[in-house]
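S.K.: no FASTA, just this:
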């Protein structure tokens, strides 16, 4: 096991942010383009960490601003469900008033039909228009595999961790193993062995709120776990 894989595997268990820092240094050295836009200048992205209280009209959450800035009175959308909200107060947490209007869906939800369990950790608040975060079910990722016991095959099932999101996923395509790994570049490999850098396609059961690493670092870092083991970590390069 090389030094890079050893560092990432030690950091991987329960600490996606630490893994991401190691990966960031690795990919930067390998000529992955990184934007220098400051967090405040980015489109607004607020990741939901925990649901504190819900009612037919009030949503109270613990959240973190991952990009942009927010003010009281701002009109936002909660993705991926595209629920329109208005920021009522900013404290140690966000209080938002739902007006129960959905985009991307023809059906409008009345106040009595709002389901509290439709909001969960991993949802993201954003603005509309050009700043809208479009949900996706399929994206490309650059991964580094760890010192895994079994190679990763196409259609392998895993758990995907991105910011506060945790969902089942499938590795639907193995695109390539990249130079800099212990093997030469290989297109459409049959499997991914341990300690290699690769481009893969990942598919989820439902649309999720993620973004390419170049657009938002926190929403673009990921880790994959299977059978209680972290098998790979990396970044989203196209969502």
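M.R.: Ah, there it is. Keep in mind the model is a prediction, meaning the values are calculated, not measured. Numbers count the residues shown, from 1 in each chain.
S.K.: show me the protein divided up by domain.
M.R.: For the chain, the domain assignment from the TED database gives the residue ranges 30-127, 135-238.
S.K.: and these, which is most packed in?
M.R.: Of all the domains of the chain, domain 135-238 has the most neighbours on average by mean count of other Cβ atoms under 10 Å, namely a mean of 19. Every C-beta, even on glycine, is put in place using the N, C-alpha and C of the backbone.
S.K.: run through the protein and note the low-pLDDT ranges.
M.R.: Screening the chain residue by residue with the criterion pLDDT under 70, one finds the ranges 1-40, 54-56, 91-116, 179-184, 239.
S.K.: in it, which spans are helices?
M.R.: For the chain, helices defined by DSSP state H occupy the ranges 3-12, 16-29.
S.K.: tell me the spacing between residue 68 and residue 216.
M.R.: When Cβ to Cβ, to the nearest Å is applied, the distance between residue 68 and residue 216 equals 9 Å.
S.K.: now list whatever residues contact both of the two.
M.R.: Here residue 68 and residue 216 share the contacting residues 42, 43, 45, scored by Cβ atoms under 8 Å, 6 or more residues apart in numbering.
S.K.: switch the residues you listed over to JSON lines; also include distance to residue 223.
M.R.: Putting the shared contacts of residue 68 and residue 216 into JSON lines (distance: Cβ to Cβ, whole Å) gives the following:
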{"residue": "42", "distance to residue 223": "22"}
{"residue": "43", "distance to residue 223": "24"}
{"residue": "45", "distance to residue 223": "19"}
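S.K.: show me which of those residues is closest to residue 88.
M.R.: Checking those against residue 88 with Cβ to Cβ, the nearest one is residue 45 at 19.7 Å.
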